[in-house]
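**Student:** Sequence and predicted structure below; questions after.
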Amino acid sequence: MTTPRIRTRDVIAAAEKVLGVSAADLTGRRRSVSLSRDRQLAILVAAQVTDQPLKQIARVFNRDHTTGLHAVKCARRRLDESPALMATVARIAAGAAVAAVEWQAQWRAEAERIERRTA
């Protein structure tokens, strides 16, 4: 079995659990300071653990690529100022990996179900 590819949606699902914010808030238009910081962390993790270009990651968050660049820059600066924040980033990344494995298992089960039905 190959290692599943982590998608931006997996990062969003993990950030929901770790940060306690909804996917709608992470991808929505609200710009409160705390929500913006959570969104910046999620975008940073997505940039680190997915193979997607930042332009595509930003699009999933309903942002343009320049906002994605700004989010990564701000999140990295916050990590430099508060190394303890790295534990949060690591938990989001680990959660995204778990979400990717779960999604792959669901996808394979569905594919097998369809294959049995058509056989």
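**Tutor:** Looks like it arrived, so ask away.
**Student:** Can you show me the helices along the chain?
**Tutor:** 8-19, 23-27, 33-49, 54-60, 65-81, 85-118 (DSSP state H).
**Student:** what does stretch 58-65 contact?
**Tutor:** Applying C-beta atoms under 8 Å, 6 or more residues apart in numbering, the contact partners of stretch 58-65 are 8-9, 12, 26-29, 39, 42-43, 46, 54-55, 67-68, 71. C-beta coordinates here come from the backbone N, C-alpha and C atoms, glycine included.
**Student:** next one: stretch 21-39
**Tutor:** Residues contacting stretch 21-39 (C-beta under 8 Å, 6+ apart): 12-13, 15-16, 19, 42, 60-62, 71, 74-75, 78.
**Student:** Let's have the residues you listed in JSON lines, adding distance to Ala93 and neighbour count.
**Tutor:** Below are these laid out as JSON lines (distance: C-beta to C-beta, whole Å; neighbours: other C-beta atoms under 10 Å):
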{"residue": "Ile12", "distance to Ala93": "13", "neighbour count": "24"}
{"residue": "Ala13", "distance to Ala93": "12", "neighbour count": "21"}
{"residue": "Ala15", "distance to Ala93": "10", "neighbour count": "27"}
{"residue": "Glu16", "distance to Ala93": "14", "neighbour count": "20"}
{"residue": "Leu19", "distance to Ala93": "13", "neighbour count": "20"}
{"residue": "Ala42", "distance to Ala93": "10", "neighbour count": "30"}
{"residue": "Val60", "distance to Ala93": "16", "neighbour count": "20"}
{"residue": "Phe61", "distance to Ala93": "17", "neighbour count": "22"}
{"residue": "Asn62", "distance to Ala93": "22", "neighbour count": "12"}
{"residue": "Ala71", "distance to Ala93": "16", "neighbour count": "25"}
{"residue": "Cys74", "distance to Ala93": "18", "neighbour count": "17"}
{"residue": "Ala75", "distance to Ala93": "13", "neighbour count": "23"}
{"residue": "Arg78", "distance to Ala93": "16", "neighbour count": "15"}
